[in-house]
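K.L.:
Here's a sequence, model it:
(one chain, ligands or ions: 2)
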Amino acid sequence: MNNLKEKLYQKIQEHRPRITQLLEEHGDTVIDNVTVAQVIGGMRGIKSLVTDISYLDPFEGIRYRGFTLPEVLAKLPKPDRANMPFVEGLYYLLLTGEIPTKEEVESLVVDFKNRRVVPRYVWDVIDAFPSNSHPMAILSAAVMSLERESHFSSNYKNGINKMDYWSTTYEDATNLLAKMPLIGAYIYNKLYHPEKGHRYPDPSLDLGGNFAYMMGKDSPYDDVSRMYFIIHADHESGNVSAHTGHLVASSLSDIYYATSAMINGLAGPLHGLANQEVLRWLQGLMEQMKGEIPSEEDLKAYVWDTLNSGQVIPGYGHAVLRKTDPRYTVQREFCLKNMPEDPLFKYVDALYKVVPDILREQGKAKNPWPNVDAQSGVVQWHYGVTQYDFYTVLFAIGRSFGVLSNIIWDRALGYPLERPKSITTEMLEKMVEPK
Ligand code: NMX
Ligand code: MLT
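P.N.:
Ligands and ions are numbered 1, 2, ... in the order given. Model (predicted):
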């Protein structure tokens, strides 16, 4: 076993008795009530999932294993001359709850490099897609094509002890995570730069650095990639992508099925696809302005036009958060430091000053503040990734770290098949009838 797997095993052994004790001694304790509005309204707020990988406080935002994002970015070891940490170190943190030493991360970086070879048939699957296919559809299919590599599934067929499910799941998850950035870069080059062809990985580079290299981007795009993958990694377990991954894996489908499914959930405009929608919406505004700098009145009119035509303002609102998303703030600070004069960034910043008040005035959205997606496309655009259909692929690569860490722990703790109960509308009506 490598360092991380050994440490993880030790953590699993320590954690298992806590679940056994909770179930044996407090299995019948009521921790929440469920209202009709919650059942009809997408189960908002019902406490019905457990995860220790991250927790989302509505007013503070996300913490990974107890650490805020600024703490994660400050504490995790960084490659030499980089300003953002190793993504591999984030995986260590998510799985074990501990900040790794630089030596521990460097050994994991080597392990990731050894796992990143992508079989030829995956490139063939990607190449078979028409060039006007959405990159998320291609990514989902590419991940799915790797299913034949699953150690979990082949061992399951041979009869494997339930207590050991986590071990082959760890192998599958780490193999896939190491390959995902290569698959993402291949899709990017195939769709948008076919003339340049495929770049082979640089054996001297970590995951974030190699991704930038394979995308054909110079520094600081390596740091941009590290920042992106880290801040998008997890958002507790109830969001569509994380929940989908957990649900699919709960039937003991292997992580290739679960990751492909989570990618499909992330591809919706109310979830991860909102980052491309923000860019599309901003382009609409710029076109309308015909190169003029919009006044505050112009911005307000554009926002109201969007709302009055029955559309949402992409990049604003959230199902749980009730303040500005700290992932927005991390990226805003990056922009202020590295690209303060970028015209699109100026638009985004100007919108931050008007959108929350308008959403409050409209009175529908429970959270008028920006989420992660309001800022993320602008950074990509600045560094030349202007093909905004691609942005959710970056989100998906980052999100895989959280989803897969969760699935490894699901297997370690023996969480069962997920199967909530549904009822009919008539039953609901009977339940609320006056007695
Ligand atoms: N613009 C306009 N209306 C909104 C917005 C918004 N940004 N956010 C919420 N509302 C509306 C929402 O459509 C709903 O309207 P109706 O009653 O007519 O159905 C009403 O306000 C109440 O919704 P909430 O309870 O505040 O939000 P909910 O939890 O249902 O949905 C989102 C959360 C994120 C889906 C919603 O805020 C939204 O559609 N935002 C825009 C899309 C977006 O940025 N998504 C990315 C989320 C983060 N991510 O990366 O996944
Ligand atoms: C996420 O990162 O998953 C989104 O902010 C959506 C959510 O948390 O519901």
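K.L.:
Pick out the residue in this protein sitting closest to ligand 1.
P.N.:
residue 317 (2.2 Å; Cβ to the nearest ligand atom). (Glycine included, C-beta is placed from N, CA and C.)
K.L.:
Is the one helix or strand residue 329 maps to in proximity to ligand 2?
P.N.:
Using DSSP states H and E, the element containing residue 329 is helix 326-338. No. Under the criterion of Cβ under 6 Å from any ligand atom, ligand 2 is not reached by helix 326-338; the shortest gap measures 7.6 Å.
K.L.:
Buried residues, the helix or strand containing residue 175. List them.
P.N.:
Using DSSP H and E, residue 175 sits within helix 165-192. For helix 165-192, the neighbour count (16 or more other Cβ atoms under 10 Å) marks 165-192 as buried.
K.L.:
hey, C-alpha coordinates of the next helix or strand after it in PDB?
P.N.:
Following helix 165-192 in sequence order, the next helix or strand is helix 207-215 (DSSP H and E). Provided in PDB are the C-alpha atoms of helix 207-215 (Å, rounded to 0.1, in the frame of the first residue of the first chain):
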ATOM      1  CA  LEU A 207      -1.700  17.200 -12.400                       C
ATOM      2  CA  GLY A 208      -2.400  20.900 -12.700                       C
ATOM      3  CA  GLY A 209       0.800  21.800 -14.500                       C
ATOM      4  CA  ASN A 210       0.400  18.900 -16.900                       C
ATOM      5  CA  PHE A 211      -3.200  19.900 -17.600                       C
ATOM      6  CA  ALA A 212      -2.100  23.400 -18.600                       C
ATOM      7  CA  TYR A 213       0.700  21.900 -20.700                       C
ATOM      8  CA  MET A 214      -1.700  19.600 -22.500                       C
ATOM      9  CA  MET A 215      -4.200  22.400 -23.100                       C
END
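K.L.:
Pull the distance from helix 207-215 to the chain's centre.
P.N.:
Here helix 207-215 is found 18 Å from its chain centre; the criterion is Cα atoms, centre = their mean, to the nearest Å.
K.L.:
what helices or strands is it leaning on?
P.N.:
Counting by 3 or more Cβ pairs under 8 Å, 6 or more residues apart in numbering; DSSP states H and E, the packing neighbours recorded for helix 207-215 are helix 87-96, helix 165-192, helix 221-231.
K.L.:
redo that, cut-off 10 Å
P.N.:
Judged by 3 or more Cβ pairs under 10 Å, 6 or more residues apart in numbering; DSSP states H and E, the packing partners of helix 207-215 are helix 87-96, helix 102-115, helix 165-192, helix 221-231, helix 391-412.
K.L.:
Give the other helices and strands that the first one contacts.
P.N.:
What it means is helix 87-96. Applying 3+ Cβ pairs under 10 Å, 6+ apart, we find helix 87-96 packed against helix 3-26, strand 61-64, helix 69-75, helix 102-115, helix 165-192, helix 207-215, helix 221-231, helix 391-412.
K.L.:
Next, format the ones you listed as a markdown table and append mean pLDDT and distance to ligand 1.
P.N.:
Output for the helices and strands packed on helix 87-96, formatted as a markdown table (pLDDT from 0 to 100; distance: least, Cβ to the nearest ligand atom, whole Å):
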| stretch | mean pLDDT | distance to ligand 1 |
| --- | --- | --- |
| helix 3-26 | 98 | 28 |
| strand 61-64 | 98 | 12 |
| helix 69-75 | 98 | 15 |
| helix 102-115 | 98 | 26 |
| helix 165-192 | 98 | 17 |
| helix 207-215 | 98 | 20 |
| helix 221-231 | 98 | 11 |
| helix 391-412 | 98 | 7 |
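K.L.:
among these, which is nearest residue 379?
P.N.:
helix 221-231 (6.0 Å; Cβ to Cβ).
K.L.:
need the residues of the chain near ligand 2, please.
P.N.:
For the chain, the residues in contact with ligand 2 (Cβ under 6 Å from any ligand atom) are 235, 239, 241, 271, 318, 319, 320, 371, 372.
K.L.:
that older thread, for the helix holding residue 329, name the packing helices and strands.
P.N.:
So helix 326-338, by 3+ Cβ pairs under 10 Å, 6+ apart, packs with strand 61-64, helix 69-75, helix 221-231, helix 343-362, helix 373-382.
K.L.:
For residue 56, see how far away the residue in the stretch 301-435 of the chain that ligand 2 sits nearest to is.
P.N.:
In the stretch 301-435 of the chain, the residue that lies nearest ligand 2 is residue 319 (4.6 Å; Cβ to the nearest ligand atom). Separation of residue 319 from residue 56 (Cβ to Cβ, to the nearest Å): 10 Å.
K.L.:
any common contacting residues for those two?
P.N.:
235, 238, 239 (Cβ atoms under 10 Å, 6 or more residues apart in numbering).
K.L.:
Find the nearest non-adjacent residue to residue 396, please.
P.N.:
Spatial nearest neighbour of residue 396, chain neighbours left out: residue 263 (5.0 Å); criterion: Cβ to Cβ, 6 or more residues apart in numbering.
K.L.:
Can you tell me the SS state at the one you found?
P.N.:
Classification of residue 263 using DSSP: H, G, I helix; E, B strand; the rest coil returns helix.
K.L.:
in terms of contact, does residue 381 touch residue 388 like I think?
P.N.:
Yes. Contact status for residue 381 versus residue 388: in contact at 7.5 Å, counting by Cβ atoms under 10 Å.
K.L.:
and for the two, which residues touch both?
P.N.:
With Cβ under 10 Å, 6+ apart as the test, residue 381 and residue 388 both reach 279, 282, 283.
K.L.:
Lowest-confidence one in the residues you listed?
P.N.:
Taken together, those show their lowest pLDDT at residue 283, with 90.
K.L.:
Look at that one and give its secondary structure.
P.N.:
helix.
K.L.:
OK, contacts around it?
P.N.:
344, 347, 381, 386, 388.
K.L.:
okay, now residue 269: neighbour count?
P.N.:
Using other Cβ atoms under 10 Å, the number of residues around residue 269 comes to 16.
K.L.:
Backbone dihedrals for it, both of them.
P.N.:
Per-residue torsions, residue 269: phi -70, psi -20 (degrees, to the nearest 10).
K.L.:
Pull the contacting residues for the closest residue to it other than its chain neighbours.
P.N.:
Nearest non-adjacent residue to residue 269, counting by Cβ to Cβ, 6+ apart: residue 277, 5.3 Å away. Each residue near residue 277 by Cβ under 10 Å, 6+ apart is listed here: 269, 270, 311, 312, 313, 314, 315, 373, 377, 388, 391, 392.
K.L.:
List buried members of those by neighbour count.
P.N.:
Among the contacts of residue 277, the ones that count as buried by 16+ other Cβ under 10 Å are 269, 312, 313, 314, 315, 373, 377, 388, 391, 392.
K.L.:
how about the lowest-mean-pLDDT helix or strand in the chain: buried residues?
P.N.:
The least trusted helix or strand in the chain, going by mean pLDDT, DSSP states H and E, turns out to be helix 274-289, with a mean of 93. Residues of helix 274-289 classed as buried: 274, 275, 276, 277, 278, 279, 281, 282, 285 (neighbour count, 16+ other Cβ under 10 Å).
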